[in-house]
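Chemist: A predicted structure for the sequence below; I have some questions about it.
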Amino acid sequence: METVLLKNIDNPKSADIDEYLKAGGYRGLSKAVTLEPADIIEEVSKSGLKGRGGAGFPTAMKWRFAATDPKFPKYLICNADEGEPGTFKDRPILEKNPHLLLEGMAISAIALGSEQGYIYLRGEYPDARDILEASIRQANDRGYLGDDILGKGLTFNIHVHQGAGAYICGEETALIESIEGKRGQPRSKPPFPVNQGAWEMPTIVNNVETLANIPYIIEIGGDAYSGIGSEDCPGPKLFCVSGSVNRPGVYELPMGTSLREIIHDHAGGIKNGRTLKAVIPGGLSTPVLPAESIDCRMDFISMQGVGSMLGSGAVIVMDDSICMVSVTYRAMKFFEHESCGKCVPCREGTDWLRKVLERVENGKGREGDVDLLLYISGTMTGRTFCPLGDGAAGVVQAMIKHFRTEFEEHISEKKCTYKSIN
């Protein structure tokens, strides 16, 4: 498959608009300005594109909800708050192919009837902020953004809004609250952002990678795009691989590529000659898989069949020297710290889980602690304002499901046996 999202990034000047144009950039936008908004949405519908932020919701369906809402103005927000541990797939687009994102946003804005857009950028990406702002100026100067896009009388302006490091602001309603100048906490839904989002107006929030697919869809057509990758989840996908592999990095592959192929063929297999033990397939908040489960297709539907989720496509690989109790404890410290505190199940549940895991990890575990962890996580599932609580609970449940023996050994032996053998 030809590179689409990471095209030309090996060029040291790839962020410059002239280099982007040489590589075929802005052809999708040039075509889009000749189409009716409904025709753009129809092409995206034919493509089968699903949101790449983790939820996998059909992009065109989301757009139609906002486009048909009579209220105005409408807002388009790019979620570039890449805070999920293990995830760094959007960064190459933001820093090395920014005009692809801007082009995707401009096309999307035409389809939605939006004149104002925001890029909500992770606070830990200061270089990306400077690059994006410079790219926006270039696009405005060349007529690809601004008040008269390509001489067609279309208006769309983009603003970069940098977050302050809150994981919860990756959730779309907390992100909207933050843009409005409020504390970043999730809203109750309904109403949904597509009808009542930023400043109570129709708002679309799409991930960086989702928007970066739009120019290619418009350029080649939705039917052609739908032939890439999985039948149910088509298109290219960015997988970022980290942990116990020889070649960590970001790989652009067809959606549905097997987890085994990603780890062993593209990321070079397990480093230091060790054996694969477990994989977190889609970022820290997705359920862990044991080594014997990696013959699975990495798409939104197939991953459900093996008891996990595609998530952001952040593949965290662990070899046989890794203590799973320690991984679970460190994960829960993160979730406890990042819980916004708005709802009791998440606020109290992550704290309680962390405390139990802390004593198990430190050789002070009690008989019944494993079942207590399952009980606490069960009381959290499905009862929180946003997916953070579910994600934290799912981490514990999957770790115990596949590696319960390690938790029980920590309790019975009053120590971590892995620390003594590695």
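Modeler: Nice, I can see it.
Chemist: hey, let's count contacts and neighbours off CA atoms from now on
Modeler: Will do.
Chemist: Kindly report the domain assignment for this protein.
Modeler: 17-225, 236-319, 324-421 (automatic domain parsing).
Chemist: what's the longest strand in the protein?
Modeler: strand 236-243 (DSSP state E).
Chemist: Name the strands paired with that strand and say parallel or antiparallel.
Modeler: strand 249-254 (antiparallel), strand 314-319 (parallel) (DSSP bridges).
Chemist: Distance from it to the middle of the chain?
Modeler: Taking CA atoms, centre = their mean, to the nearest Å, the mean C-alpha location of strand 236-243 is offset from the chain mean by 11 Å.
Chemist: do stretch 250-265 as well
Modeler: That offset, for stretch 250-265, works out to 17 Å (CA atoms, centre = their mean).
Chemist: Can you mark which positions in it are buried?
Modeler: The neighbour-count check on stretch 250-265 (16 or more other CA atoms under 10 Å) flags 250-263 as buried.
Chemist: avg pLDDT for that stretch?
Modeler: The pLDDT scores in stretch 250-265 average 97.
Chemist: ditto for stretch 223-236
Modeler: 93.
Chemist: end-to-end on that stretch?
Modeler: 14 Å (CA to CA, to the nearest Å).
Chemist: Repeat that for stretch 357-377.
Modeler: Per CA to CA, stretch 357-377 runs 12 Å from first to last residue.
Chemist: just to revisit the earlier point, with distance to residue 87 added, can I get the strands paired with strand 236-243 in JSON lines?
Modeler: Shown next, in JSON lines, are the strands paired with strand 236-243 (distance: least, CA to CA, whole Å):
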{"stretch": "strand 249-254", "distance to residue 87": "10"}
{"stretch": "strand 314-319", "distance to residue 87": "5"}
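Chemist: and of the ones you listed, who's closest to residue 184?
Modeler: Closest approach to residue 184 among these is made by strand 314-319 (24.0 Å; CA to CA).
Chemist: Which residues does the closest one contact?
Modeler: 86-89, 239-245, 263, 270, 274-284 (CA atoms under 8 Å, 6 or more residues apart in numbering).
Chemist: Could you turn the buried ones of the residues you listed into a PyMOL selection?
Modeler: The buried subset of the contacts of strand 314-319, as determined by 16+ other CA under 10 Å, is captured in PyMOL by this line:
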select buried, resi 86+87+88+89+239+240+241+242+243+244+245+263+270+276+277+278+279+280+281+282+283+284
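Chemist: got a list of what the spatially closest residue to residue 56 that is not a sequence neighbour touches?
Modeler: Spatially, and ignoring its direct neighbours in sequence, residue 56 is nearest to residue 50 (4.9 Å; CA to CA, 6 or more residues apart in numbering). Applying CA under 8 Å, 6+ apart, we find residue 50 in contact with 56, 57, 58, 59, 210, 233.
Chemist: Just the buried subset of those, please.
Modeler: 56, 58, 59, 210, 233.
Chemist: Name the SS class of residue 325, please.
Modeler: Per DSSP: H, G, I helix; E, B strand; the rest coil, the secondary structure class of residue 325 is helix.
Chemist: got a list of contacts for the longest strand of the chain?
Modeler: By CA under 8 Å, 6+ apart, strand 236-243 touches 4-5, 52, 86-89, 209, 228-229, 248-255, 263, 267, 312-318.
Chemist: Among the contacts of residue 50, which are located in helices?
Modeler: 59, 210 (DSSP state H).
Chemist: Report the two of the contacts of residue 50 separated the most.
Modeler: Counting by CA to CA, the most remote pair of those is 210 and 233, 12.6 Å apart.
Chemist: shared neighbours, the two?
Modeler: By CA under 8 Å, 6+ apart, the residues touching both residue 210 and residue 233 are 49, 50.
Chemist: out of the buried ones among the contacts of residue 50, who's nearest residue 22?
Modeler: residue 210 (23.0 Å).
Chemist: so that closest one makes contact with residue 52?
Modeler: Yes. If you go by CA atoms under 8 Å, residue 210 and residue 52 touch, sitting 5.2 Å apart.
Chemist: pLDDT score assigned to residue 105?
Modeler: At residue 105, pLDDT is 98.
Chemist: for residue 1, same thing?
Modeler: pLDDT at residue 1 comes out at 64.
Chemist: do the same with residue 394
Modeler: 96.
Chemist: quick one: it from residue 170, how far?
Modeler: When residue 394 is compared with residue 170 (using CA to CA), they lie 18 Å apart.
Chemist: Neighbour count for the two, which is higher?
Modeler: When residue 394 and residue 170 are compared for neighbours, residue 170 comes out ahead with 25 against 22, by other CA atoms under 10 Å.
Chemist: tell me the SS of the closest residue to residue 205 other than its chain neighbours?
Modeler: Leaving aside its sequence neighbours, residue 205 sits nearest to residue 77 (CA to CA, 6+ apart; 4.7 Å). Secondary structure assignment for residue 77 (three-state DSSP): strand.
Chemist: for this structure, where's the lowest mean pLDDT among helices and strands?
Modeler: helix 417-421 (a mean of 59; mean pLDDT, DSSP states H and E).
Chemist: isn't residue 224 right next to residue 47, touching?
Modeler: Yes. Using CA under 8 Å, residue 224 is in contact with residue 47, at 7.5 Å.
Chemist: In terms of packing, which of those two has more residues around it?
Modeler: Using other CA under 10 Å, the more surrounded residue of residue 224 and residue 47 is residue 47, with 26 against 14.
Chemist: what residues are up against the nearest residue to the more buried one once chain neighbours are set aside?
Modeler: The shortest distance from residue 47 to any non-neighbouring residue, by CA to CA, 6+ apart, is to residue 222 (3.9 Å). Contact analysis of residue 222 by CA under 8 Å, 6+ apart lists 43, 44, 45, 46, 47, 48.
Chemist: For residue 158, see how far away the residue lying closest to residue 255 once chain neighbours are set aside is.
Modeler: Excluding the flanking residues, the one nearest residue 255 by CA to CA, 6+ apart is residue 229, at 4.6 Å. Computed as CA to CA, the residue 229 to residue 158 distance reads 31 Å.
Chemist: Which one's more surrounded, those two?
Modeler: Using other CA under 10 Å as the criterion, residue 229 and residue 158 rank with residue 158 on top: 23 against 19.
Chemist: before we move on, back to that, if we only consider the buried residues of stretch 250-265, which is nearest to residue 104?
Modeler: residue 252 (17.8 Å).
Chemist: And for the residue lying closest to that closest one once chain neighbours are set aside, the neighbour number?
Modeler: Among residues not flanking residue 252 along the chain, residue 238 sits closest, at 4.6 Å (CA to CA, 6+ apart). Look at residue 238: counted by other CA under 10 Å, it has 21 neighbours.
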